[in-house]
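**Student:** coordinates for the following, if possible.
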Amino acid sequence: MSEKEREKNLIQEIEEEVDETIHPFLEKILNNIKPIGFAIAAIVLATALYSGYDFYQQSQQEKATNELGKILAQKDDKAKVNALKGFLKVAPEELKISAQLELARIYIQNKDYEQAARVFGELATAQDVDEHLKRVAVLGQSKALELNRQYAQALEVLEKNKEAFPKEYNEQVAQRIAFLAEKTKDWAKALAAYEELKASVQGGETKFFDYKIQTLKKKITS
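**Tutor:** Purely as a prediction, here's the structure:
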């Protein structure tokens, strides 16, 4: 048998041993090679579009960060406030908090306590704000209302959010409630706050609290 004949027989044997179920599969691939090519092209295009969108988002974030930096660098408070208001309308969520805090700071500094309370109130009720920052915003809102002589509203804000504060805030919140309750002449609330403060001292000096408690009890019974 010649070399050529042996080679032909070997190829024939290999073909006979190959599982016939492979052939339809290969045939299907061959028949659909063009649609598969289009599908791959579509995937490549989608990936490119997504990458482009991701890059666009990143560039917009950087652009907004740079814009906020320029606004914060302004010296004129009136111009800064107007710029911050405009920025907040289009700012990414990640940068809105920084802009709002700066806006509240300027309002407090310029004694525009009503506007400061409004901004702090928006922060305190926002959904995506960190819990710690929300508590700071509540205290800021209450303080701004107090500075605006809206003592009843300031007291209401603290009482409404009192349970949301962790234990380390108890003394600070109780002090604010005691002060504001006295300002609104709600002697019962002031008394309860001072009694809470006295109980938290745990063996320390209580003369001031004793004096307040006695004074308030007289006011309640008089």
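
**Student:** so which bits of stretch 116-129 are buried?
**Tutor:** Neighbour-count burial for stretch 116-129 flags 116, 117, 118, 119, 120, 121, 122, 123, 124, 126, 129 (criterion: 16 or more other CB atoms under 10 Å). (Glycine included, C-beta is placed from N, CA and C.)

**Student:** so which of those is the closest to residue 70?
**Tutor:** residue 119 (20.6 Å; CB to CB).

**Student:** where does the protein have low pLDDT?
**Tutor:** Scanning the chain for pLDDT under 70 picks out 1-62, 64.

**Student:** tell me how far the residue positioned nearest the centre of the chain lies from residue 101.
**Tutor:** In the chain, the centroid-proximal residue (CA atoms, centre = their mean) is residue 129; its distance is 2.9 Å. To residue 101, residue 129 is 11 Å away according to CB to CB, to the nearest Å.

**Student:** give me the common contacts of these two.
**Tutor:** Contact criterion CB atoms under 8 Å, 6 or more residues apart in numbering; residues shared by residue 129 and residue 101: residue 123.

**Student:** in helices only, show me the buried residues of stretch 116-129.
**Tutor:** Members of the buried residues of stretch 116-129 lying in helices (criterion: DSSP state H): 116, 117, 118, 119, 120, 121, 122, 123, 124.

**Student:** now those residues in JSON lines, with distance to residue 148?
**Tutor:** What follows is those, written out as JSON lines (distance: CB to CB, whole Å):
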{"residue": "116", "distance to residue 148": "8"}
{"residue": "117", "distance to residue 148": "7"}
{"residue": "118", "distance to residue 148": "11"}
{"residue": "119", "distance to residue 148": "13"}
{"residue": "120", "distance to residue 148": "12"}
{"residue": "121", "distance to residue 148": "12"}
{"residue": "122", "distance to residue 148": "16"}
{"residue": "123", "distance to residue 148": "17"}
{"residue": "124", "distance to residue 148": "16"}
